[in-house]
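# have a look at this fold, sequence not included:
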C-alpha cells in the first residue's frame, strides 16, 4: 500500500511539472517595464524589465498610452531616432538580446499605436550665455505730479525696477521636430550694473531663421509726497538707462517612448520587440539641440531726486 501511495504522489508531481504556469495578466503598465514583445495576430503584449525578467502580459485593448505634456511635442520617426547620440547603444542592446537579423526599425508602430515615440522641448529652464559687454545709453528725464491746493502737497510717481525685452533667433534647427513651436523659460544671468538674475518665458520655433520676442515689465510704482510752497513747482528728476545685451544658447529636444525592432523571422518566440528609450539611454543620449542667438533689451529708471523751484 505504501508503494501505491508513493507512485500516486510521484505521478501527481510529474503532472504538476508538466502543467504550464498560467500567464500573469496585467491591467496596468508596470513602471519598471522597459522591454516589450508582441505579435499582431495575438494582440497580446509581453512585458519585461531591463534585466529581462518577465513581468506579465497585457491584452492590447487595455494597454495604456504614454502620457506626455500638452504642446511642445511631436512624433519622432524611425530615421530621426537613428540620429540620436545614443542610437548605437540602443541598437547594440537589441542585437545582444534578440540578434542582428533582418529587421525593420519602427516608431509609432501602427500595430501597437498605444506605444508611441515622441520628442518634446525640455521642461527645464534654458540658460542664456552672455556674449560681450552690454551697449548702454543713459538719459536724464523728469516728471511732474498732481498738486493738491488744499494741503499744499504734490504726489510724484517713482518707478523702480527693470523692463525687459527678449528676442531669440534660431541659428541652427534641431534635426527632429522641425517647425515645432513651444513656450520655453529662459534664464537671464545677472549683468553688472544692468540686470539682476531673472527669467522670461517666450515662444520659440524650431525653424532656421525664425525670430520670436516677448516683453516683461518687472517695474513697480510708488508715490512720493512732498510739500510744495506757494509759487513753487516740484518734479522728480531721474535717469533712464537703456541697454542691449547679446547672448546665445542651446535648446534641448528630448526623445522618449518605444523603438520597435520588427524581425522578418521570429526571434526569441516573437516577431516584434521594443525598447523604451528612457530605460536604456540618459537624457544626453536622447537629446538633439536647437541653437539660438538672443538680444536682451533692458530699461531701468534710477537716481531719483525731488526738485522744487
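Arrived safely, thanks for sending. What you see is a predicted model; the values in this text were computed from it and never measured.

# and the nearest residue to residue 44 once chain neighbours are set aside, how close does it get to residue 34?
Leaving aside its chain neighbours, residue 44 sits nearest to residue 57 (5.3 Å; criterion: C-beta to C-beta, 6 or more residues apart in numbering). All C-beta atoms are positioned from the backbone trio N, CA, C, and that covers glycine. Distance, residue 57 to residue 34, using C-beta to C-beta, to the nearest Å: 16 Å.

# cool, residue 97 as well?
Note on residue 97: its distance to residue 34, by C-beta to C-beta, is 11 Å.

# and for residue 272?
15 Å.

# same check on residue 152?
Per C-beta to C-beta, residue 152 is found 78 Å from residue 34.

# give me the number of residues near residue 120?
By the criterion of other C-beta atoms under 10 Å, residue 120 has 20 neighbours.

# tell me which element it falls in.
Using DSSP states H and E, residue 120 maps to strand 117-121.

# and that strand, what does it pack onto?
Counting by 3 or more C-beta pairs under 8 Å, 6 or more residues apart in numbering; DSSP states H and E, the packing neighbours recorded for strand 117-121 are strand 73-75, strand 234-267.

# contacts for that strand?
Residues from elsewhere that reach strand 117-121 (C-beta atoms under 8 Å, 6 or more residues apart in numbering): 66, 68-69, 72-76, 80-81, 107-108, 176-177, 180, 182, 184, 204, 251-259, 277, 288.

# more neighbours, residue 97 and residue 34?
With neighbours defined as other C-beta under 10 Å, residue 97 and residue 34 compare such that residue 34 has more, 21 against 15.

# relative to residue 51, which of the helices and strands packed on strand 117-121 is closest?
Closest to residue 51 of the helices and strands packed on strand 117-121 is strand 234-267 (C-beta to C-beta; 18.2 Å).

# identify each buried residue in that closest one, please.
By 16 or more other C-beta atoms under 10 Å, the buried positions in strand 234-267 come out as 234-236, 238, 241, 243, 245-247, 249, 251-263, 267.

# I'd like to know how many residues surround residue 101.
12.

# start at 744, not 1
All set: I'll call the first residue 744, so the last point we hit is now residue 844.

# wait, is it part of a strand?
No: if the criterion is DSSP: H, G, I helix; E, B strand; the rest coil, then residue 844 is coil and not within a strand.

# now do the phi/psi pair for it.
The phi/psi pair for residue 844 (degrees, to the nearest 10) reads phi -90, psi 180.

# what segments of the stretch 744-893 of the chain are strands?
Assigned by DSSP state E, counting those that start in this stretch, the stretch 744-893 of the chain shows strands spanning 778-781, 787-791, 797-802, 816-818, 846-850, 860-864, 869-870, 872-873, 878-886, 889-891.

# let me see the contact set for residue 945.
Residues in contact with residue 945 (C-beta under 8 Å, 6+ apart) are 909, 911, 926-927, 929, 955-957.
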